[in-house]
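Chemist: fold the following, please.
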Amino acid sequence: MDELGRFLKVMEYQPVDQVPNWEAGVWPQTRQRWEAEGMDPNLLHWDWFSGEPALGMSPRKFIRFSGEMIPPFEYEELLEDERTLTYLDEKDIVRKALKEGSIGKSRMSMDEFIDFPVKTMQDWTEVKKRYNPCGAGRFEPNWNVTRARGLSKPSITPSRRT
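Modeler: The predicted structure is shown next:
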């Protein structure tokens, strides 16, 4: 059974020879530890969305789409001490993060969420403009080539509530 056939059967609750094994990726801390323990970093290609044969992960096809705010808010560090960093992230959320074990913006524990940008309907009206589903940067540049036959970008019909 090929990957597409297996996926379609799973989605229809039909029997399959094996369930697709999909993973989102590996934390940078995990990769760092594996390499420190002697793993050859060239053993894996590190794009787990397309499958990782060395680990028995199934390949999958997908079209890259950004569901993030566009444009993002500007990142700003607000307060830092020996153990923590409090910052305003790209979604305008104030967060407090443990610094220990951090690699880039990847942490070994979940941040504490302190404050959020939406408190009033007016706040929401402004923030939702950054989630325009047809806005520039939502779809990959070669969308017209990679899209499924007959599929086009969604068109937005104005809501009576906007």
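
Chemist: how about the strands in this structure?
Modeler: All strands of the chain, identified by DSSP state E, fall at 76-80, 84-88, 94-98, 112-115.

Chemist: give me the neighbour count for the closest residue to Met69 other than its chain neighbours.
Modeler: If the residues on either side of it in the chain are set aside, Met69 comes closest to Arg130, at 3.8 Å by CB to CB, 6 or more residues apart in numbering. No exception for glycine: its C-beta is placed from N, CA and C like everyone else's. Residues near Arg130, counting by other CB atoms under 10 Å, number 16.

Chemist: contacts only, for the spatially closest residue to Val10 that is not a sequence neighbour.
Modeler: The shortest distance from Val10 to any non-neighbouring residue, by CB to CB, 6+ apart, is to Val16 (5.8 Å). Neighbouring residues of Val16 by CB atoms under 8 Å, 6 or more residues apart in numbering: Met1, Arg6, Lys9, Val10.

Chemist: put the buried members of those residues into a PyMOL selection.
Modeler: Remark: buried members of these, expressed as a PyMOL selection using 16 or more other CB atoms under 10 Å:
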select buried, resi 6
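
Chemist: of the contacts of Val16, which belong to helices?
Modeler: Among the contacts of Val16, the ones falling in helices (DSSP state H) are Arg6, Lys9, Val10.

Chemist: go through the residues you listed and name the one nearest Thr86.
Modeler: The closest of the ones in helices among the contacts of Val16 to Thr86 turns out to be Val10 (CB to CB; 43.1 Å).

Chemist: rewinding a little: list the contacts for the residue nearest to Met69?
Modeler: Each residue near Arg130 by CB under 8 Å, 6+ apart is listed here: Met69, Ile70, Pro71, Pro72.

Chemist: no further queries at this time; thank you.
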